[in-house]
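J.: only geometry, no sequence info:
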């Protein structure tokens with residue numbers, strides 16, 4: 001279950017962003033692409049388990065999905081989902097523009 005390693009990296013990133021501040025993290029917001037290979041339910045469970053004793057101990061986790069989107073690398077036109085992933089105009093193979101990423105979007109904290 002690689003969700004635990006993702007949570008470890010997430011907590012490490014939050015800790016690095018906080019630095020030496022005397023702060024309490026109250027919410028962590030991430031975005032996950034639908035094709036990132038991450039089960040959002042397992043990730044949320046892993047966060048609940050792993051956050052104990054870390055800077056995220058009291059934090060809530062918000063997960064925002066990112067839809068997969070493809071575009072033509074030649075003309076930039078959007079390529080429809082559930083097709084052969086080729087541009088209707090150029091016939092070039094589509095390039096994934098979004099949907100495979102995992103992004104730390106926001107950290108909310110209370111600073112002393």
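T.: In hand now; what should we look at? Note that this is a predicted model, so its numbers are computed, not measured.
J.: May I see the buried residues of stretch 69-83?
T.: 70, 71, 72, 79 (16 or more other C-beta atoms under 10 Å). Glycine gets a C-beta too; all of them are placed from N, C-alpha and C.
J.: what's it in contact with?
T.: 68, 85-90, 92-99 (C-beta atoms under 8 Å, 6 or more residues apart in numbering).
J.: And that stretch, end to end?
T.: By C-alpha to C-alpha, to the nearest Å, the extent of stretch 69-83 from end to end equals 12 Å.
J.: Partner strands of the helix-or-strand element of the chain with minimal mean pLDDT, with direction?
T.: When the helices and strands of the chain are compared on mean pLDDT, DSSP states H and E, strand 78-79 comes out lowest with a mean of 92. Its sheet considered, strand 78-79 pairs with strand 69-71 (antiparallel) by DSSP bridges.
J.: For the strand it pairs with, what is the distance to the chain centroid?
T.: Remark: strand 69-71 is offset 18 Å from the chain centroid, using C-alpha atoms, centre = their mean, to the nearest Å.
J.: Equivalent analysis for stretch 56-69, please.
T.: 7 Å.
J.: now stretch 15-29
T.: Centre to centre, stretch against its chain (C-alpha atoms, centre = their mean), the figure for stretch 15-29 is 18 Å.
J.: tell me the average confidence for that stretch?
T.: Average pLDDT, stretch 15-29: 95.
J.: Just the buried residues of that stretch, please?
T.: 18, 23, 24, 25, 28, 29.
J.: any residues touching that stretch, and which ones?
T.: In contact with stretch 15-29 (C-beta under 8 Å, 6+ apart) are residues 10, 14, 47, 54-62, 64, 104-112.
J.: go on, stretch 100-112?
T.: Outside of stretch 100-112, the residues within contact range by C-beta under 8 Å, 6+ apart are 6, 10, 13-14, 17-18, 21-33, 35-38, 64, 66, 68.
J.: on that earlier part again, neighbour-wise, give me the winner out of the contacts of stretch 69-83.
T.: For those, the largest neighbour count, defined by other C-beta atoms under 10 Å, is 21 neighbours, found at residue 87.
J.: And that residue, how far from residue 34?
T.: 21 Å (C-beta to C-beta, to the nearest Å).
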